[in-house]
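[1] got a predicted structure here, sequence first:
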Amino acid sequence: MDTLTQFLSAGAFGHFTLGHAIMIAVGVLFIWLAIAKDYEPLLLVPIGFGIVVGNIPFADGMNIGVYEEGSVLSILYKGVSQGWYPPLIFLGIGAMTDFGAMLQAPKLILLGAAAQAGIFLTFLGAIALGFPLPKAAAIGIIGGADGPTAIFLSSQLAPEYLGAIAIAAYSYMALVPVIQPPIIKLLTTKEERLIRMPPSKPVSKRTRMMFPVVAFLIAAAVAPGAITLLGMLFFGNLLKESGVTDRLAKTARTAFIDMVTILLGLTVGVSTDADRFLEASSLLIFGLGAAAFAVATAAGVLFAKLLNKFSKSPINPIIGAAGVSAVPDSARVCQLVAAREDPTNFVIMQAMAPNVAGVIGSAVAAGIFLATLM
């Protein structure tokens, strides 16, 4: 009986709480959304299962938990807590991203810049609610809808909120098809949603090859804190566009990014232990994250409407919503909204311009916060 009692007290039965049950239910919900609704399955399945793993309680001293120094999960989690995984993810993103849509219509870059208003307005809102400046910046970056950037910045400025910020960022990335369409329809008229944009012009091979180098030099000069993220992003893009490193580019955008995504998603999920995660601050972060994402979407749409006041060729304001960094989901959502009004109206190529610009913009915003608040 003593042995049985000791066994039960060391395992889940002896330490299980309502909080653990809630978090396991959240993990199962993430898995269901990924499988049944196809919401970012490559992210939500690892994160959801990680939440389940991280909320199976055990006795202290077993050296298996993510917060126990030297355990396997703790070692893997260092890629999150010390910011190793996000730059590696950016390398893969760069190798799979086509900046041609952005280079074809440079004025659409402004829509990606405008969408970053969600980051800075939420930053101010978090300060008003009493969060210190570094933590407010880490919360605000959720508005970029860029999980790797949110993880990278929070690992540097707000490590105690890393789990909540990461889960919030990836949750809103996955819910882009749910959140963005109502905001777009609220802020646009039917006539605006029916606007057809002119076809894009081709971009030369030389321009494509020069862009990652020139863009990195400019971005690094403006926001040196973003060198780590943008350096890897543009390096990956150079591998893709150079034409002489196809093997490296293929590896970066397939097996390499898949491996890092698995480790990042699983360890982020495992870090959401109920004892640390279920706090009032986590719920507040989720609320602020939702506000940040909504404001970012609205800012992109409204700025597109403003540009139409001065532009000779009209812009369909739907594509302003793609200014957030959820690539390519936001661009796809824009196409779906446009197609509901007119099935023959194709805006996805134009929407990719602010979408990829938003990736750069959110990384630049993170670099500005790092440079000023570290």
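    Cool, got the structure. Numbering: from 1, shown residues only.

[2] name the surrounding residues that touch the helix or strand encompassing residue 170.
    With elements delineated by DSSP states H and E, residue 170 resides in helix 162-174, which encompasses its position. The set of residues that contact helix 162-174 without belonging to it, under C-beta atoms under 8 Å, 6 or more residues apart in numbering, is 30, 33-34, 39-40, 43-44, 47, 80-81, 138-139, 141-142, 145-147, 150-151, 154-155, 158, 179, 265, 268-269, 271-272, 276-277, 281-282, 285-286, 289-290, 293, 326, 329. For every residue, glycine as well, the C-beta is placed using N, CA and C.

[3] let's see which of these end up in helices.
    Assigned to helices by DSSP state H, the following of the contacts of helix 162-174 qualify: 30, 33-34, 43-44, 47, 80-81, 138-139, 147, 150-151, 154-155, 179, 265, 268-269, 276-277, 281-282, 285-286, 289-290, 293, 329.

[4] give me the buried subset of those.
    Among the ones in helices among the contacts of helix 162-174, the ones that count as buried by 16 or more other C-beta atoms under 10 Å are 30, 33-34, 43-44, 47, 80-81, 138-139, 147, 150-151, 154-155, 179, 265, 268-269, 276-277, 282, 285-286, 289-290, 293, 329.

[5] residue 216 and residue 27, how far apart?
    The spacing between residue 216 and residue 27, counted by C-beta to C-beta, to the nearest Å, is 38 Å.

[6] tell me the contacts of the residue nearest the centre of the chain?
    The C-alpha lying nearest the average C-alpha coordinate of the chain belongs to residue 146 (C-alpha atoms, centre = their mean; 1.9 Å). Under the criterion of C-beta under 8 Å, 6+ apart, the contact partners of residue 146 comprise 169, 173, 324-326, 358-359, 362-363.

[7] mind doing that once more with 7 Å?
    With contacts taken as C-beta atoms under 7 Å, 6 or more residues apart in numbering, residue 146 has the following neighbours: 325, 359, 362.

[8] repeat for residue 262
    Residues counted as contacts of residue 262 (C-beta under 7 Å, 6+ apart) are residue 46.

[9] for it, what is the enclosing helix or strand?
    Secondary structure assigned from DSSP H and E places residue 262 in helix 257-270.

[10] without its sequence neighbours, what residue ends up closest to residue 345?
    residue 338 (4.9 Å; C-beta to C-beta, 6 or more residues apart in numbering).

[11] grab the CA positions of the helix holding residue 262 and hand them over as PDB.
    Extracted as PDB, the C-alpha positions of helix 257-270 are listed here (Å, rounded to 0.1, in the frame of the first residue of the first chain):
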ATOM      1  CA  ILE A 257      11.600  24.800 -41.500                       C
ATOM      2  CA  ASP A 258       9.400  21.800 -40.800                       C
ATOM      3  CA  MET A 259      11.800  20.500 -38.200                       C
ATOM      4  CA  VAL A 260      12.100  23.800 -36.400                       C
ATOM      5  CA  THR A 261       8.300  24.300 -36.600                       C
ATOM      6  CA  ILE A 262       7.800  21.000 -34.900                       C
ATOM      7  CA  LEU A 263      10.200  21.800 -32.100                       C
ATOM      8  CA  LEU A 264       8.900  25.400 -31.600                       C
ATOM      9  CA  GLY A 265       5.200  24.400 -31.600                       C
ATOM     10  CA  LEU A 266       5.600  21.500 -29.300                       C
ATOM     11  CA  THR A 267       7.800  23.300 -26.700                       C
ATOM     12  CA  VAL A 268       5.600  26.500 -26.800                       C
ATOM     13  CA  GLY A 269       2.700  24.200 -26.000                       C
ATOM     14  CA  VAL A 270       4.500  22.300 -23.200                       C
END
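
[12] so which bits of that helix are buried?
    Of the residues in helix 257-270, those scored as buried under the neighbour-count criterion (16+ other C-beta under 10 Å) are 257, 260-261, 263-270.

[13] measure residue 371 to residue 321 for me?
    29 Å.

[14] of these two, who's got more company?
    Residue environment comparison for residue 371 versus residue 321 gives the larger neighbour count to residue 321, 33 against 13, counting by other C-beta atoms under 10 Å.

[15] hmm, residue 335 and the more buried one touching each other?
    No. Between residue 321 and residue 335 there is no contact, the gap being 10.9 Å when judged by C-beta atoms under 7 Å.

[16] hmm, back to that, in CSV, list the buried residues of helix 257-270 along with distance to residue 345 and pLDDT.
    As requested, those are exported to CSV (distance: C-beta to C-beta, whole Å; pLDDT from 0 to 100):
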residue, distance to residue 345, pLDDT
257, 32, 96
260, 37, 96
261, 33, 94
263, 40, 95
264, 36, 94
265, 35, 93
266, 40, 95
267, 42, 94
268, 38, 92
269, 39, 93
270, 44, 93
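
[17] and the furthest pair within those?
    By the measure C-beta to C-beta, the buried residues of helix 257-270 have their two most distant members at 257 and 270, which lie 20.2 Å apart.

[18] now the angle between helix 162-174 and the helix or strand hosting residue 340, please.
    Residue 340 is located in helix 329-341, with elements delineated by DSSP H and E. Angle of helix 329-341 versus helix 162-174, following axes from the mean of the first three to the mean of the last three C-alpha atoms, to 10 degrees, is 30 degrees.

[19] in the next helix or strand after helix 329-341, what counts as buried?
    Beyond helix 329-341 on the C-terminal side, the first helix or strand identified by DSSP H and E is helix 348-373. Taking 16+ other C-beta under 10 Å as the basis for neighbour counts, the residues of helix 348-373 that come out buried are 348-370, 373.

[20] okay but residue 149 is in contact with residue 365, surely?
    No. Checked against C-beta under 7 Å, the pair residue 149 and residue 365 is beyond contact range at 8.1 Å.
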